[in-house]
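Participant: No letters, just coordinates:
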């Protein structure tokens, strides 16, 4: 009856949690633990703060099942070894992740724990299809989304696992850090109180969100998901990021909706698989997260960080839809997906700024930050990544706003929302800077022509 340590990461849920399900199935005590480790310590302001909220809610869910959440801080291997020594556990289990720093950490932990004579097991939980299970006809990995989608769309996805009603407790619980002592929200400062009103934290909230979307919005999803002022998306990226709901649960809900004749269901399923594709590429080409996926773009004359990038971050470019989108993220912690493409295109093409500047900023301010999806999205819009639009296809923000915000409701909402100035997640003094420039800092025609000239001169793409 030695206890089993359940090492939690991006899987803060009771239902469809394979590592938890296996541990409970052994009939032995289970000690759930979250480690603020060498990977998590690198997270930006908003993701770290949102993690803390998720841990608080998940601790309550564990308590209802007769368990508790143990919190520890330090290098993952050292913490887990210490817990084994303290508790007498002989088994450590967790759910697999696929980004390079997570994989390196997990590989070391598994190898070292097994060297110690312990049982160390990992399980499939974070994506629908693990990266090494999806291969092209020649045995390689997919580099383009559409063939990837076609290869998996008819695959069987196992049913989601039910939540355990009871988790066996150990005779003695190990000591735990206090969540407040971690101060995960310290970098949010004024922003925390504002953004908190727009969050849906925890497994119950995620399930409600999915149910509402399937019942009321998925039928119109094809068109509504691009309309900036409409609540036309599922909003589940926040919950998927921390594993408060599984991709498998979303997939089966989408499949049922498609069987019911809901018109937008297949598009929703494609979006779930798009997330899988990001992790597929991050696994097979880890450079996706840190450098140009297409090496010929290394010679492109990207600008580094500077005044124009700072104006972009502050929502002070003078372009209404770009500035509205940047202000949306300060108030809500999220940004409409269509708007993400527009602000990304403006930064990388009109402002000729390195996509990594945008990647880093999103990693700091988005509560739904996912390292694989964030990097792939930025490289896609910049033109340097896989499955990317050619660089010369440059979004015109004004044209896009006319199409996807025809009444100007999105722009009016965020440009007129004074809570923007109270929601900065850094300690910047922005209150005095309330007047946007009357003209764009870089005009659309000017920026487009300069970007195209650089593109042609460098002969990339």
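Facilitator: Perfect, I can see it now. Bear in mind that the values here come from a model prediction, so they are computed numbers and not experimental data.
Participant: Tell me, how many residues neighbour residue 451?
Facilitator: Residue 451 has 21 neighbours, counted by other C-beta atoms under 10 Å. The way it works is simple: take the backbone N, C-alpha and C, and place the C-beta from them, glycine included.
Participant: Return the residues in contact with it.
Facilitator: If you count contacts by C-beta atoms under 8 Å, 6 or more residues apart in numbering, residue 451 has them with 349, 350, 352, 391, 394.
Participant: so the first one sits right up against residue 447, yeah?
Facilitator: Yes. With contacts counted by C-beta atoms under 8 Å, residue 349 reaches residue 447, the gap being 6.7 Å.
Participant: Taking the contacts of residue 451, tell me the two that lie furthest apart.
Facilitator: Longest distance between any two of the contacts of residue 451 is 12.3 Å, between 350 and 391; criterion C-beta to C-beta.
Participant: Go ahead and confirm residue 89 touches residue 30.
Facilitator: No. In this structure, residue 89 is not within contact of residue 30 by C-beta under 8 Å, at 9.6 Å.
Participant: Would you map the strands across the stretch 151-300 of the chain?
Facilitator: Ranges of strands in the stretch 151-300 of the chain, per DSSP state E, counting those that start in this stretch: none exist.
Participant: can you list the residues that contact stretch 54-68?
Facilitator: Applying C-beta under 8 Å, 6+ apart, the external contacts of stretch 54-68 come out as 8, 12-14, 30, 32, 34, 69, 71, 163-169, 173, 176, 179, 201-204, 242, 244.
Participant: between residue 349 and residue 447, who's got more neighbours?
Facilitator: Higher neighbour count among residue 349 and residue 447: residue 349, with 25 against 19, using other C-beta under 10 Å.
Participant: Any stretches of the protein with poor pLDDT?
Facilitator: Along the chain, segments meeting pLDDT under 70 span 388-392, 421-422, 425-434, 459-461.
Participant: tell me the domain boundaries of it?
Facilitator: As assigned by automatic domain parsing, the chain contains the domains 1-125, 295-458.
Participant: Next, format those as JSON lines and append distance to residue 274.
Facilitator: Formatted as JSON lines, the domains of the chain follow (distance: least, C-beta to C-beta, whole Å):
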{"stretch": "domain 1-125", "distance to residue 274": "15"}
{"stretch": "domain 295-458", "distance to residue 274": "8"}
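Participant: Quick one, which of those gets closest to residue 278.
Facilitator: Nearest of the domains of the chain to residue 278, taken as C-beta to C-beta: domain 295-458 at 4.0 Å.
Participant: Tell me how many other residues surround residue 310.
Facilitator: Neighbour tally, residue 310, other C-beta under 10 Å: 12.
Participant: helix or strand right after the host helix or strand of it?
Facilitator: Residue 310 belongs to helix 307-313 when assigned by DSSP states H and E. Next along the chain after helix 307-313, taking DSSP H and E as the criterion, comes helix 320-332.
Participant: Does anything pack onto that next one? Which helices or strands?
Facilitator: For helix 320-332, the packing partners by 3 or more C-beta pairs under 8 Å, 6 or more residues apart in numbering; DSSP states H and E come out as helix 191-195, helix 307-313, helix 337-345, helix 397-404, helix 409-415.
Participant: what angle sits between the longest one and helix 397-404?
Facilitator: Just to be clear, that refers to helix 337-345. Relative orientation of helix 337-345 and helix 397-404, computed by axes from the mean of the first three to the mean of the last three C-alpha atoms, to 10 degrees: 170 degrees.
Participant: Which SSE is immediately downstream of helix 337-345?
Facilitator: Per DSSP H and E, helix 337-345 leads on to helix 355-365 as the next helix or strand towards the C-terminus.
Participant: neighbour-wise, which of residue 350 and residue 391 wins?
Facilitator: Comparing residue 350 with residue 391 by other C-beta under 10 Å, the one with more neighbours is residue 350, at 28 against 22.
Participant: Quick check: closest non-adjacent residue to the more buried one.
Facilitator: Excluding the flanking residues, the one nearest residue 350 by C-beta to C-beta, 6 or more residues apart in numbering is residue 447, at 3.0 Å.
Participant: From the chain's centroid, how far away is the helix or strand containing the one you found?
Facilitator: In the assignment (DSSP H and E), residue 447 maps to helix 444-458. The chain centre lies 31 Å from the centre of helix 444-458; the measure is C-alpha atoms, centre = their mean, to the nearest Å.
Participant: buried ones in that helix?
Facilitator: Buried residues in helix 444-458, counting neighbours by 16 or more other C-beta atoms under 10 Å, are found at 444, 447, 448, 451, 454, 455.
Participant: how about the third one, what does it touch?
Facilitator: By C-beta under 8 Å, 6+ apart, the contact set of residue 448 is 349, 350, 394, 396.
Participant: So which of those residues is the closest to residue 338?
Facilitator: residue 396 (13.3 Å).
Participant: Can you get me a residue count around the closest one?
Facilitator: Each residue near residue 396 was counted by other C-beta under 10 Å, and the total is 16.
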